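**Student:** What follows is a protein structure lacking sequence information:
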């Protein structure tokens, strides 16, 4: 699709068009040249608390703030460096913001998110005039009937749903040679720190849009690394919560054993504020109503700590060694943690790597079951009714859907068995044994640590349409397979590319991790905005 002519289209008209021009293909010379001429932006790097304070004092309104982000979105995503991080703008965003301004004038303020513009990933259902497609042309035109519970909770908290973000198609579970951040509907999302580098995935658009200040913050989803890796690659704080805190209902799934949504923001404090809105029981998602899931958690409760005295951290050196420059960044971060008073001890996970094949078996079996159930529940009007239909659609429209890579993962998924097969049940047991009982739980108990620290993932790699993603190293799988919390925080730069440090730990230790991460963030201040360089 071609981009709209900015000179001939007003902001209202752009919103009404649903941001269709944001999906234009190819970076081109114009995009490269525009990277050097991005205009200054008033709310750049503003936190949720800072924006809320300005609205309280009357120097800013929700409508003006939403309009500023939408103008920035058009300039950066549509006409400038062409990041393609936003797949669709909300045509009702300004009206929603205006209504929230009226509430504020009438004395009703819903909380810290009142009037705050938030983007959500395009695999999260929104019952409005925006589509929910997981980036796939197979679902193009799909308007679901109701919000996912997490979207409803955001609206109830006063957030302005600004739009939907691009992603790796089907949350990066289509091909073993895929490109992170590429979807047939949205094109290739670009890393704002170096436009020829990968944004990582699958929550690519959520990460890039937040890093480039196109929103106050965003929501991503993760099965294995899809919040934490793109957050690391784009200089953000990102939290993959413990499975059970945030409802999975309405999210286009991969696997219910590992899927969860979570916040991606420019500060740890903003992640905590978003989690206070996102978390809560949902009758449709049984895991969120289990007795073991804590109720009424204040995810901001430990943000007040000024040091890390009394905190014992395990250093996961098994996750080091692949990238010298990134390792140096993490070693410096470890020194900063010691300076804050933390006690550091090296730890080892003897089961690391022993669940890799089992994890893939779990994903194959659950994706087939879960996607078919999602289509039946949320998309009865869609042109595709099953995974088999998706595969057939892709084959019939290969020139548009598969110009770069294929769908071997979808084909393997369709060939998998039911959730009652011995192979699946054995795979689930293997994953839980090596990731939980003989993994994180065992290490935390044996070494008496509060959390584990490690390199989140490699610095952003060059986008390579021939070979696809070439990735190695990083620590995302252990917490993802366990269903345990994982926070990444900016730790510094390898050259001009951001590097993140991870904090992960036992189930429901999310607030503790946020407190530790916030103390590190406040002491080191490694977050800095991108400058849209053509290359690293």
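**Tutor:** Alright, I've got the coordinates. All values reported here derive from a predicted model rather than from experimental measurement.
**Student:** and the residue nearest to the spatial centre of the chain, helix, strand or coil?
**Tutor:** Residue closest to the mean C-alpha point of the chain, counted by Cα atoms, centre = their mean, is residue 220 at 2.8 Å. Under DSSP: H, G, I helix; E, B strand; the rest coil, residue 220 falls in the strand class.
**Student:** and it, what does it touch?
**Tutor:** 121, 165, 202-203, 206-207, 226-227, 230-231, 238, 261-264 (Cβ atoms under 8 Å, 6 or more residues apart in numbering). Every C-beta, even on glycine, is put in place using the N, C-alpha and C of the backbone.
**Student:** How about it, nearest residue that isn't a chain neighbour?
**Tutor:** The shortest distance from residue 220 to any non-neighbouring residue, by Cβ to Cβ, 6 or more residues apart in numbering, is to residue 203 (2.9 Å).
**Student:** mind listing what the one you found touches?
**Tutor:** 121, 165, 167, 218, 220, 221, 222, 226, 227, 230, 231, 264.
**Student:** In terms of distance to residue 129, which of the residues you listed ranks first?
**Tutor:** residue 165 (16.5 Å; Cβ to Cβ).
**Student:** and the closest residue in space to the closest one that isn't next to it in sequence, how many neighbours does it have?
**Tutor:** Closest residue in space to residue 165, ignoring its immediate chain neighbours: residue 205 at 3.1 Å, by Cβ to Cβ, 6+ apart. Residue 205 has 36 neighbouring residues, counting by other Cβ atoms under 10 Å.
**Student:** ok now the helix or strand residue 205 falls within, how far from the chain's centre?
**Tutor:** Using DSSP states H and E, residue 205 sits in helix 204-211. Distance, stretch centre to chain centre, for helix 204-211: 8 Å (Cα atoms, centre = their mean, to the nearest Å).
**Student:** hang on, residue 66 packs against residue 117?
**Tutor:** Yes - at 5.0 Å, residue 66 and residue 117 qualify as touching, with contact defined as Cβ atoms under 8 Å.
**Student:** hey, what's in contact with both of those two?
**Tutor:** 93, 97, 160, 162.
**Student:** which one of these has the most neighbours?
**Tutor:** In terms of neighbours by other Cβ under 10 Å, those top out with residue 160 at 31 neighbours.
**Student:** List phi and psi for it.
**Tutor:** The phi/psi pair for residue 160 (degrees, to the nearest 10) reads phi -100, psi 110.
**Student:** mind listing what it touches?
**Tutor:** Taking Cβ under 8 Å, 6+ apart as the contact definition, residue 160 lies against 62, 66, 93, 96, 97, 100, 115, 116, 117, 118.
**Student:** go with 10 Å
**Tutor:** 62-63, 65-66, 69, 90, 92-100, 113-119, 154, 215-216 (Cβ atoms under 10 Å, 6 or more residues apart in numbering).
**Student:** With residue 350 instead?
**Tutor:** Going by Cβ under 10 Å, 6+ apart, residue 350 touches 318, 434, 438, 439, 442, 443.
**Student:** Now do the contacts for the fourth one.
**Tutor:** When you say that, I think you mean residue 439. Going by Cβ under 10 Å, 6+ apart, residue 439 touches 349-352, 354-355, 431-433, 478-479, 481-482, 484.
**Student:** redo that, cut-off 7 Å
**Tutor:** 349, 351, 478, 482 (Cβ atoms under 7 Å, 6 or more residues apart in numbering).
**Student:** Which member of those is positioned nearest residue 375?
**Tutor:** residue 482 (28.4 Å).
**Student:** quick one: the strands in the stretch 1-150 of the chain?
**Tutor:** 86-89, 117-121 (DSSP state E, counting those that start in this stretch).
**Student:** and the first one, what does it pack onto?
**Tutor:** Translated: strand 86-89. helix 62-73, strand 160-165, helix 204-211 (3 or more Cβ pairs under 7 Å, 6 or more residues apart in numbering; DSSP states H and E).
**Student:** quick one: which of the contacts of residue 350 sit in helices?
**Tutor:** Here DSSP state H is the test, and those give 442, 443 as lying in helices.
**Student:** could you redo the contacts of residue 350 as a markdown table and give each row distance to residue 500?
**Tutor:** Output for the contacts of residue 350, formatted as a markdown table (distance: Cβ to Cβ, whole Å):
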| residue | distance to residue 500 |
| --- | --- |
| 318 | 17 |
| 434 | 24 |
| 438 | 26 |
| 439 | 21 |
| 442 | 25 |
| 443 | 21 |
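**Student:** Mind giving me the PyMOL command for buried ones among the contacts of residue 350?
**Tutor:** For the buried members of the contacts of residue 350, the matching PyMOL selection, counting by 16 or more other Cβ atoms under 10 Å, is:
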select buried, resi 318+434+438+439+442+443
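**Student:** Looking at the contacts of residue 350, which one is closest to residue 462?
**Tutor:** When those are compared against residue 462 (criterion: Cβ to Cβ), the nearest one is residue 318, at 26.2 Å.
**Student:** which residue packs closest to that closest one, ignoring adjacent ones?
**Tutor:** Using Cβ to Cβ, 6+ apart and skipping the chain neighbours, the partner closest in space to residue 318 is residue 352 (5.7 Å).
**Student:** Tell me, how many residues neighbour that neighbour?
**Tutor:** Other residues near residue 352 number 17, with proximity taken as other Cβ under 10 Å.
**Student:** any idea how far residue 317 is from it?
**Tutor:** To residue 317, residue 352 is 11 Å away according to Cβ to Cβ, to the nearest Å.
**Student:** same thing with residue 261?
**Tutor:** 31 Å.
**Student:** The two: which is more packed in?
**Tutor:** The neighbour count for residue 261 versus residue 317, taken as other Cβ under 10 Å, is higher for residue 261 (29 against 14).
**Student:** OK, contacts around that one?
**Tutor:** Residue 261 neighbours (Cβ under 7 Å, 6+ apart): 124, 150, 219, 220, 221, 246, 251, 278.
**Student:** Most neighbours among these, which one?
**Tutor:** Going by other Cβ under 10 Å, residue 220 tops those with 34 neighbours.
**Student:** Bridging across strands, which residues link to that residue?
**Tutor:** Assessed by DSSP bridges, residue 220 has beta-bridge partners residue 262.
**Student:** and the gap between it and residue 241?
**Tutor:** Computed with Cβ to Cβ, the distance linking residue 220 and residue 241 is 11 Å.
**Student:** Helices along the stretch 401-536 of the chain, start to end?
**Tutor:** Counting by DSSP state H, counting those that start in this stretch, one finds helices in the stretch 401-536 of the chain at the ranges 408-414, 422-432, 441-447, 476-482, 510-524.
**Student:** Any chance of CSV for these, columns mean pLDDT and distance to residue 370?
**Tutor:** Shown next, in CSV, are these (pLDDT from 0 to 100; distance: least, Cβ to Cβ, whole Å):
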stretch, mean pLDDT, distance to residue 370
helix 408-414, 98, 10
helix 422-432, 98, 13
helix 441-447, 98, 26
helix 476-482, 98, 16
helix 510-524, 98, 24
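**Student:** Among those, which comes closest to residue 504?
**Tutor:** Across the helices of the stretch 401-536 of the chain, closest to residue 504 is helix 476-482 (Cβ to Cβ), at 4.1 Å.
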